[in-house]
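*Asks:* model this:
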Amino acid sequence: MKKSTLKVDQIIDFKKWDKLQDSMVLITKAAMIIIDYKGNPMTKHSGCQKFCSIVRADKKMAMYCQKCDSRGGLEAVRTNKPYIYLCHFGIVDIAVPIIVDDKYIGAIMVGQVKLSDHHMHNTLEQIVALPNKEWIEGTINHLKEHYEALPVLSYEEVVNLSEMIFNLSNYLVEEALDKSLALELNEAIGLKEHHISQDILLGYQTKSIENIKKEMSNRIISSYIEREQEKISVSKVLKPAIDYIYTHKNEHVSVKEMAELCHVSPSYFSRLFVKETGEKFSLYVSKLKIEWAKSILEETDIPISEMSEELGFNEPGYFIKIFKKYEGVTPHLYRKYYKK
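*Replies:* Alright, predicted model coming up:
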């Protein structure tokens, strides 16, 4: 899923969204629907008020409603924030833009409410006007009972609601971009080819890139460790400890913790571990992590600082010290000489 082709239905999982949308409508009293950049509805219209439901059922009226939604969304894009406005019937609506890489792909439309503080009503723009005012007045009078039943919120409540939905929209976009970038990096890396094309990263936020790069580094390192784990053969008693070491590579584990995991005493665990591996537990773990580091240095370009963190060393300096203790050279020199 390339970022440049993202559509609103790729940003939001509508099956999951519908439940969330219904819950928000119950709490806020405001109706809610998601539209695409053309103003076409993309979800059901949760909490749609009876007045608006009847109006939207009229083909001629529905055309103005859709135009109102579309213009509200575009105005929200222009200001890059939620846009609070009046529809052609003087009802308060909110357009919350869904923007990806400065491109407007849709909006979360919220509203169908009236204001309790009437003086604020005149501060809002009516973005679509019907050609015939008598038509508006006639419709309101005909549906007076439903019009008066519209939920009433204060202007402050409307503003707070718009900000909440805007924050939610931004969160959804960021999550979708993270997933999109992860998929593209997965394709590029394939766990074999570890050079990431800069073209893939263009347009993504620095935070997203760093998060995904870190996750990919973790996955790559884990793949090497899992490959090595298949070569280890120990008794059933020690197997839980060995499995834990391999699946929790960034943790500091003690003899006591591993003994409890294996349901034996620390002294028995230590004796059995030396008998089966030929080394004390702490020394075995240190050497094992250095072996992992060597494989990663040989086959990837993952930064030493990231590798150090993923392998559970407190800081890069300590990792370099331990690596040099066992290999006689620093990780940087090891990688440099190996790749020659």
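*Asks:* got any ranges where the stretch 151-300 of the chain has weak pLDDT?
*Replies:* When the per-residue scores of the stretch 151-300 of the chain are filtered using pLDDT under 70, the ranges that remain are 177-231.
*Asks:* Next, the distance between the ends of stretch 26-36.
*Replies:* The first residue of stretch 26-36 is 24 Å away from its last residue (CA to CA, to the nearest Å).
*Asks:* and what of stretch 96-111?
*Replies:* The separation between the terminal residues of stretch 96-111, taken as CA to CA, is 11 Å.
*Asks:* cool, stretch 126-134 as well?
*Replies:* The first and final residues of stretch 126-134 sit 17 Å from each other (CA to CA).
*Asks:* Then stretch 110-120?
*Replies:* Stretch 110-120 has its terminal residues 18 Å apart, counting by CA to CA.
*Asks:* Pull the residues that contact that stretch.
*Replies:* Contact with stretch 110-120 is made by 28-32, 47-49, 51-52, 87, 91-94, 96, 121, 150-155, 158, 161-162, 165, as judged by CB atoms under 8 Å, 6 or more residues apart in numbering. Glycine gets a C-beta too; all of them are placed from N, C-alpha and C.
*Asks:* Make a ChimeraX selection of whichever of the residues you listed turn out to be buried.
*Replies:* Burial among these is assessed by 16 or more other CB atoms under 10 Å; the matching ChimeraX selection reads:
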select :28,29,30,31,32,47,48,49,51,52,87,91,92,93,94,96,150,153,155,158,161,162,165
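*Asks:* Sort out for me which of the contacts of stretch 110-120 are in helices.
*Replies:* Counting by DSSP state H, the part of these found in helices is 28, 51-52, 155, 158, 161-162, 165.
*Asks:* What ranges does the stretch 101-250 of the chain have for its helices?
*Replies:* Under the criterion DSSP state H, counting those that start in this stretch, the stretch 101-250 of the chain carries helices at the ranges 133-142, 144-148, 155-189, 198-201, 206-229, 239-247.
*Asks:* Can you list the helices and strands that the second one packs against?
*Replies:* Right, helix 144-148. helix 50-57 (3 or more CB pairs under 8 Å, 6 or more residues apart in numbering; DSSP states H and E).
*Asks:* quick one: the helix it packs on to helix 133-142, angle?
*Replies:* 130 degrees (axes from the mean of the first three to the mean of the last three CA atoms, to 10 degrees).
*Asks:* What mean pLDDT does helix 50-57 get?
*Replies:* The average of the pLDDT scores along helix 50-57 is 92.
*Asks:* for it, packing partners?
*Replies:* For helix 50-57, the packing partners by 3+ CB pairs under 8 Å, 6+ apart come out as helix 59-79, helix 144-148.
*Asks:* and the angle for that helix with helix 59-79?
*Replies:* Going by the same axes, to 10 degrees, helix 50-57 makes 100 degrees with helix 59-79.
*Asks:* which outside residues touch helix 50-57?
*Replies:* With contacts defined as CB under 8 Å, 6+ apart, helix 50-57 is touched by 31, 45, 48, 61-62, 65, 89, 91, 112, 139, 143, 146-147, 149-150.
*Asks:* What subset of these is buried?
*Replies:* Among these, those classed as buried by 16+ other CB under 10 Å are 31, 45, 48, 61, 65, 89, 91, 112, 139, 143, 146-147, 150.
*Asks:* out of those residues, who's nearest Lys16?
*Replies:* In terms of CB to CB, no member of these lies closer to Lys16 than His45, at 17.6 Å.
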